[in-house]
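Student: Sequence plus the predicted model coming up.
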Amino acid sequence: MATKNSFTFIGKIVPIKDTDGFKGYTETVYDSKWMTQKLRFNVVAGDNRHLVEINAGRWQDDKKNSVVYTYSKAKDGKQSEPIQIPWDKRNEPSEIEKVAGYKVFTVDTDTYSNRKALKDAEDTEGLAASEKKRKHFLAGTDFIEWTRKVVNSDKIKDMVFKVQGSVEYSYNEKTGKYYSTYEVNKIYRAEDDSEPKSEMNVHFYFTENFMDKESVVEDGKAILSGYTQFRDSKTKSDWFCPIALVMRESDIDVVDGTEEILSDFGDNEVCKALLSCKVIDGAQKTDIKVTDLDEKTQKAIKLGLMDEKQAIKNAGGQAYGPKIQEFRLGGIVKQSEPTVFTTEDLAVVPHIKEEEVDIFADSDDEDDI
């Protein structure tokens, strides 16, 4: 089964401003009385603004929600296994304790440092109040209901959060396009002075000549073209989605070295590596240069009538450039290795039969109810 790409965003949570065509929360009830919910919000991390979401479903009739399908903790040398938690016991701590951490949804609106200080001070009352701010859920719909309250609360508007989850991919056969979403499963309050972060780990599959170095000298940018694997919920199969990573580096030797380090094909056609990337989505600040100043100021500097540093300071020192959307290579998490896949495997497009899809069918064991 395809291993998912993961993301970590650290920044402020900003709710969606509803319009006629786009809303932060939507709910759909089908004739079968199966209900789906979608919650969307923004994470503003420095100059980046990321749209994230949570999707879940359940029966409207509570009697039909008999169990939560999930996975047990791996312990005593045993691997994680599929288990079922009774629906009416899904929020009991003893039942949640049985479940693997990666299958538990979490929202925590208190910081680790505050909780530790309360513990060190043996403030049992304060610690109990702090613990109540940490919520765990097994059902995605419960996670959505609580997160919706948090996202729209005025109490959190100045708080910093670490938002984590997986990147979900899909293919639309009608448009012939791939789509991706940032699906949230963990929300932790971070320290107020935490640095903004926009990172994603990418399982990158690539073939020879994956590095396009044509614009390195001129633009300081190289493109790594490859694929990432994903599990398609409709076909119940693993596929590959095209993905491009950007390497911002004007030194061609560094680019050549990166290409050489990642290339480990042997007799195989496809390699894979786990890479860390910075998710850039917004206008980036750049230092103002003399050439960015107006003609009169440039002339005054040239004639010695104005100090260059002072002129740049007067202009603000920094300015926002055009909006950028890219996955910028940050480093290698796990070195590359050859795979048994071929170039033909990477190029196959998901094919979905034109038949009615069961809207409440089990979807890759992703906590469907």
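Tutor: Perfect, I can see it now.

Student: where exactly do the helices run in the stretch 1-150 of the chain?
Tutor: 93-96, 112-120, 124-131, 140-151 (DSSP state H, counting those that start in this stretch).

Student: tell me the most buried of those helices?
Tutor: Ranked by mean neighbour count under mean count of other Cβ atoms under 10 Å, those are led by helix 140-151, which reaches a mean of 20. For the C-beta atoms, the positions are set from N, CA and C on the backbone; glycine is no exception.

Student: tell me the mean pLDDT for it?
Tutor: The pLDDT scores in helix 140-151 average 98.

Student: What is it packed up against?
Tutor: In terms of contacts (3 or more Cβ pairs under 8 Å, 6 or more residues apart in numbering; DSSP states H and E), helix 140-151 is packed against strand 5-15, strand 34-45, strand 48-59, strand 105-108, strand 134-137, strand 177-190.

Student: Tell me the helix or strand right after it.
Tutor: Once the chain leaves helix 140-151, the next helix or strand it forms, by DSSP states H and E, is strand 160-172.

Student: any idea of the mean pLDDT in that next one?
Tutor: 96.

Student: For that strand, output the C-alpha coordinates as CSV.
Tutor: The C-alpha trace of strand 160-172 is given here as CSV (Å, rounded to 0.1, in the frame of the first residue of the first chain):
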residue,chain,number,x,y,z
VAL,A,160,0.3,29.6,17.1
PHE,A,161,-0.5,25.9,16.2
LYS,A,162,1.3,23.0,14.7
VAL,A,163,-1.0,21.4,12.2
GLN,A,164,-0.1,18.0,10.8
GLY,A,165,-1.5,15.4,8.4
SER,A,166,-1.1,13.7,5.1
VAL,A,167,-1.3,14.9,1.5
GLU,A,168,-4.1,13.1,-0.3
TYR,A,169,-4.1,12.8,-4.1
SER,A,170,-6.9,12.0,-6.5
TYR,A,171,-7.4,11.8,-10.3
ASN,A,172,-10.4,13.1,-12.2
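
Student: Give the pairing partners of it; include direction for each.
Tutor: Strand 160-172 pairs in its sheet with strand 5-15 (antiparallel), strand 177-190 (antiparallel), by DSSP bridges.

Student: Give me the buried stretch members for the shortest one, please.
Tutor: With burial defined by 16 or more other Cβ atoms under 10 Å, the residues of strand 5-15 counted as buried are 5-13, 15.

Student: In a markdown table: those residues, plus pLDDT and distance to residue 188.
Tutor: Supplementary listing: the buried residues of strand 5-15 in a markdown table, determined by pLDDT from 0 to 100; distance: Cβ to Cβ, whole Å:
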| residue | pLDDT | distance to residue 188 |
| --- | --- | --- |
| 5 | 97 | 20 |
| 6 | 98 | 15 |
| 7 | 98 | 14 |
| 8 | 98 | 10 |
| 9 | 98 | 11 |
| 10 | 98 | 9 |
| 11 | 98 | 12 |
| 12 | 98 | 14 |
| 13 | 98 | 11 |
| 15 | 97 | 18 |
